[in-house]
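> build me a model from this:
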Amino acid sequence: MTDHARLLPAILVALTLSIASPLARADTVQQHSGWAAWFNTDRINERWGFVSDVQLRSADDLKEAQNLLIRPGATYFIDGQNNVSAGYAYVATLNNPGDNLVEHRIWQQFIHTQTWRKAAVTHRFRLEQRFVEQLSTRDRLFSQRLRYFIRGVVPLRGDKASFTEGPFFAFQNELFFNVQHRDHANGKTFDQNRLFLAGGYRLSSRYDLEVGYLNQFINGRVNDTENHIIQVGLYSRF
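Next up, the predicted model:
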C-alpha cells in the first residue's frame, strides 16, 4: 500500500471531525435517545450476497419507540476490497397522531475496505431516492440524498489478520447531503452528521456485539437538533 493510501483514512477522519465539531449552536435543541440495530451480511458465493439492517429508535428521553427501519439489499463483490449494493428501505415514524408515517427509499452504495495500521477501515458512499410521506397532506415528496460513511475497527489484542475473537474499539462518522430537491427535505444541502464511538466484543468470526455513544446533528429547516444516543449493535456475517 502506498503512503498516500495509508494516509487516506486519517485525512478523512480529520475532515469529518472538523466538519462535525463546530455544528451545534447554543440554541440547538438537545435530545437523548436509544437505538438498537442489527447489521447483517450474507455471502452466498464468490460474487453475490445479501445485506440488511434492522433498527429501532426511541423518541426523546426514551419515552417510546419512534422509528423502525428495515433495509434489505443485494450485493455484488467486485473483489476482496470493493463491492456494490442496491436495495429498498422501509422507514416508519411511529406513535404519531393517527397512522404511522412511512418513508420508502431506493438506495445504491459502493463500499471500499482497507487496512490502516491495526484498524480495518470501511468507506461507504450511498445514494438514496427518498419518498417521504407528509403528516398534513399524506402526499409523498421526492428527494435524493448522498451519504459518506467511514468506520474503523481496532482490535485491542492481536491484529486484524488474526482477529476472530476479543475486544475492539470502533469509531465512525457519516455525513449526509441533499443533492436533489433539497426544498423537499430541510431546504439545505447539508442534512446531518453522525459521529459514533463504541466498544465491542467479537464473539466469533461471524458475530460482533458493540455499545457506544452516537452524536447526531440534524440541520433543521427551522431549528437544529443535537441527539445524544446510546446505540447497541449486533453485526453478523455468513
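
> when you work out contacts or count neighbours from here on, use the C-alpha atoms and nothing else.
OK.

> what about the closest residue in space to Gly233 that isn't next to it in sequence, how many residues nearby?
Closest residue to Gly233 apart from its sequence neighbours, by Cα to Cα, 6 or more residues apart in numbering: Ala37 at 4.8 Å. Ala37: 16 surrounding residues under other Cα atoms under 10 Å.

> can you check the pLDDT for Ala37?
Ala37 is assigned 98 on the pLDDT scale.

> what does it show for phi and psi?
Per-residue torsions, Ala37: phi -140, psi 150 (degrees, to the nearest 10).

> so it makes contact with Asp53?
Yes - judged on Cα atoms under 8 Å, Ala37 makes contact with Asp53 at a distance of 7.0 Å.

> and the next element down the chain from the helix or strand Val211 falls within?
Per DSSP states H and E, Val211 falls inside strand 207-218. Downstream of strand 207-218, the next assigned helix or strand under DSSP H and E is strand 225-237.

> what separation is there between Leu156 and Arg202?
According to Cα to Cα, to the nearest Å, Leu156 stands 11 Å off from Arg202.

> intersection of neighbour lists for the two?
166-168 (Cα atoms under 8 Å, 6 or more residues apart in numbering).

> please convert the buried members of those into ChimeraX selection syntax.
This is how ChimeraX selects the buried members of these, with burial counted by 16 or more other Cα atoms under 10 Å:
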select :167,168
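
> how about the CA coordinates for stretch 173-182, as PDB?
This file holds the C-alpha atoms of stretch 173-182, laid out as PDB (Å, rounded to 0.1, in the frame of the first residue of the first chain):
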ATOM      1  CA  ASN A 173     -18.600   9.200  11.100                       C
ATOM      2  CA  GLU A 174     -21.200   9.800   8.500                       C
ATOM      3  CA  LEU A 175     -22.100  12.900   6.500                       C
ATOM      4  CA  PHE A 176     -25.500  13.400   4.700                       C
ATOM      5  CA  PHE A 177     -26.000  15.800   1.800                       C
ATOM      6  CA  ASN A 178     -29.300  16.600  -0.100                       C
ATOM      7  CA  VAL A 179     -28.300  16.500  -3.700                       C
ATOM      8  CA  GLN A 180     -31.800  16.900  -5.400                       C
ATOM      9  CA  HIS A 181     -35.000  18.700  -4.300                       C
ATOM     10  CA  ARG A 182     -33.500  19.900  -1.000                       C
END
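
> which residues touch that stretch?
For stretch 173-182, contacts defined as Cα under 8 Å, 6+ apart pick out 13, 16-17, 142-151, 185, 188-196.

> let's go with 7 Å and repeat that
Stretch 173-182 has contacts (Cα atoms under 7 Å, 6 or more residues apart in numbering) with 16, 143-151, 188-196.

> in a helix, Asp61, correct?
Yes - Asp61: assigned to a helix according to DSSP: H, G, I helix; E, B strand; the rest coil.

> tell me which element the closest residue to it other than its chain neighbours is part of?
Among residues not flanking Asp61 along the chain, His32 sits closest, at 5.1 Å (Cα to Cα, 6+ apart). Using DSSP H and E, His32 sits in strand 29-43.

> now that strand, how far from the chain's geometric center?
Put simply, strand 29-43 sits 8 Å off its chain's centre (Cα atoms, centre = their mean, to the nearest Å).
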